[in-house]
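1. Task: produce atomic coordinates for the following.
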Amino acid sequence: MSKLPLNTVLAAIDKKDYGFYDRLTPEHQKQLAPFLLNRYVSLVKGSSELQAYYLMAGNQRVNCTYFELARHPKLVWQLLCTVSPGMGTQFHQWVGHKQKDKNNSSKKRKQIADLHPLAKTDELNILVNMYTDKDIKELQRLHGD
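-> Predicted structure coming up:
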């Protein structure tokens, strides 16, 4: 079985090729990973306006209903095709998950948790990303630590 090239798949999405999925062999259809394609489709290189468009269109048209439609790969394919504004083939980049600095991050998290003892886990996650070390030192000073 031959491997389906990713650039061919992404180009078909950019060209709004709704019939591409139907023309694939069953083996190639199984190689499509709609969840990963959604991630690729939402990130392009180009102007900030084009990047914003792809991100918002991907979230609005595919991401918000993905798990309800995951058992319908052809429909997900068609939704992915609607994301493209029809401006030709774009360069879609992959952005992986951030690697966490466990030593610094856990220390910072504890400091923030001490400053905000009633904060929930998701709120702490946001604050860890928002606060700089300088912000934390200033807050600790204000709290008398």
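2. Just give me the neighbour total for His143.
-> 9 (other C-beta atoms under 10 Å). C-beta coordinates here come from the backbone N, C-alpha and C atoms, glycine included.
3. ok, it - contacts?
-> Taking C-beta atoms under 8 Å, 6 or more residues apart in numbering, we find His143 in contact with Leu115.
4. what's the distance between it and Leu118?
-> 14 Å (C-beta to C-beta, to the nearest Å).
5. Doesn't Asp17 belong to a helix?
-> No. Asp17 is assigned coil when assessed by DSSP: H, G, I helix; E, B strand; the rest coil, not a helix.
6. and it, how far is that from Leu24?
-> Distance, Asp17 to Leu24, using C-beta to C-beta: 11 Å.
7. same check, this time on Ala113
-> 50 Å.
8. so what's Leu69 up against?
-> By C-beta under 8 Å, 6+ apart, the neighbours of Leu69 are Leu75, Val76, Leu79.
9. Which of those fall in helices?
-> Among these, the members found in helices (DSSP state H) are Leu75, Val76, Leu79.
10. and the host helix or strand of Lys134, what does it pack onto?
-> Applying DSSP states H and E as the criterion places Lys134 in helix 133-142. Packing contacts for helix 133-142, counted by 3 or more C-beta pairs under 8 Å, 6 or more residues apart in numbering; DSSP states H and E, involve helix 102-115.
11. Need the contact partners of the helix it packs on.
-> So helix 102-115 is contacted by Ala119, Leu124, Leu127, Val128, Tyr131, Asp133, Ile136, Leu139, Gln140, His143, Asp145 (C-beta under 8 Å, 6+ apart).
12. Please apply the same query to stretch 23-34.
-> So stretch 23-34 is contacted by Met1, Ser2, Lys3, Leu4, Val9, Tyr21, Tyr66, Ala70, Pro73, Val76, Trp77, Leu80 (C-beta under 8 Å, 6+ apart).
13. From Asn59, how far off is the residue positioned nearest the centre of the chain?
-> Centroid-nearest residue in the chain: Arg39, 4.8 Å away (criterion: C-alpha atoms, centre = their mean). According to C-beta to C-beta, Arg39 and Asn59 sit 11 Å apart.
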